[in-house]
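**Student:** Based on what follows, work out the 3D shape:
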Amino acid sequence: MRMRIALFEPEIPGNVGAVLRLGANLGAGVDLIEPLGFTWNDKRVRRAAMDYIDHVEFTRHAGFEAFRETIGGARLVLFTTRATANAYEFAYRPDDVLLFGKESAGMPLEIADICDAKVRLPIRAEVRSMNLATAAALALGEALRQVGALPG
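**Tutor:** Residues are numbered from 1 along each chain as shown. Got it, this is the predicted structure:
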């Protein structure tokens with residue numbers, strides 16, 4: 001199994017499209033955990049993902065438990081502003097699943113508690129958080145760099 005990005009109940013089609021494009025470019029699969037905050041046939045997803053959507057393996061899951069059943073022994077690495085561990089000091093594995101919460105509310109505590117690791121992308125103290133797609137790009141880039149899996 002290769003590294004994947006999982007989005008928990010994403011709400012903004014442009015973010016989903018950008019993450020699909022990211023997955024296509026860097027060779028990571030994408031898991032979308034429903035419910036989505038928009039109608040899937042929304043043109044904005046395809047506009048953001050462009051023709052890259054045809055070059056990424058992505059799966060829509062009916063909910064968190066349905067998603068969890070598909071990851072086998074892979075670690076769930078949650079990216080959250082509530083974590084204290086630095087995402088750049090964390091040791092990634094090639095089959096990790098990088099998990100991100102919904103844009104408006106993050107990750108429910110009951111799901112955060114069952115994740116194998118929780119890490120935080122360092123940001124300045126006077127700001128609250130990053131855009132979801134930007135955070136996913138930073139996270140995936142670092143994780144793939146560490147495991148030697150960046151595309152040539």
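
**Student:** Does residue 52 touch residue 19 like I think?
**Tutor:** No - using C-beta atoms under 8 Å, residue 52 makes no contact with residue 19, being 10.6 Å away. The C-beta positions use only the backbone N, C-alpha and C, and glycine is treated the same way.

**Student:** which residues of this protein score low on pLDDT?
**Tutor:** 42 (pLDDT under 70).

**Student:** Now do the strands in it.
**Tutor:** Ranges of strands in the chain, per DSSP state E, are 4-8, 29-33, 58-61, 76-79, 85-86, 97-100, 117-120.

**Student:** Now render those as a markdown table, adding mean neighbour count and distance to residue 136.
**Tutor:** Output for the strands of the chain, formatted as a markdown table (neighbours: other C-beta atoms under 10 Å; distance: least, C-beta to C-beta, whole Å):
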| stretch | mean neighbour count | distance to residue 136 |
| --- | --- | --- |
| strand 4-8 | 25 | 5 |
| strand 29-33 | 21 | 9 |
| strand 58-61 | 16 | 13 |
| strand 76-79 | 24 | 8 |
| strand 85-86 | 12 | 17 |
| strand 97-100 | 26 | 6 |
| strand 117-120 | 19 | 13 |
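
**Student:** Can you lay out those strands as TSV showing distance to residue 23?
**Tutor:** Shown next, in TSV, are these (distance: least, C-beta to C-beta, whole Å):
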stretch	distance to residue 23
strand 4-8	6
strand 29-33	4
strand 58-61	7
strand 76-79	15
strand 85-86	24
strand 97-100	11
strand 117-120	19
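
**Student:** closest to residue 145 out of those?
**Tutor:** With C-beta to C-beta, the closest approach to residue 145 among those belongs to strand 97-100: 13.1 Å.

**Student:** What strands flank the closest one, and is each parallel or antiparallel?
**Tutor:** strand 4-8 (parallel), strand 76-79 (parallel) (DSSP bridges).
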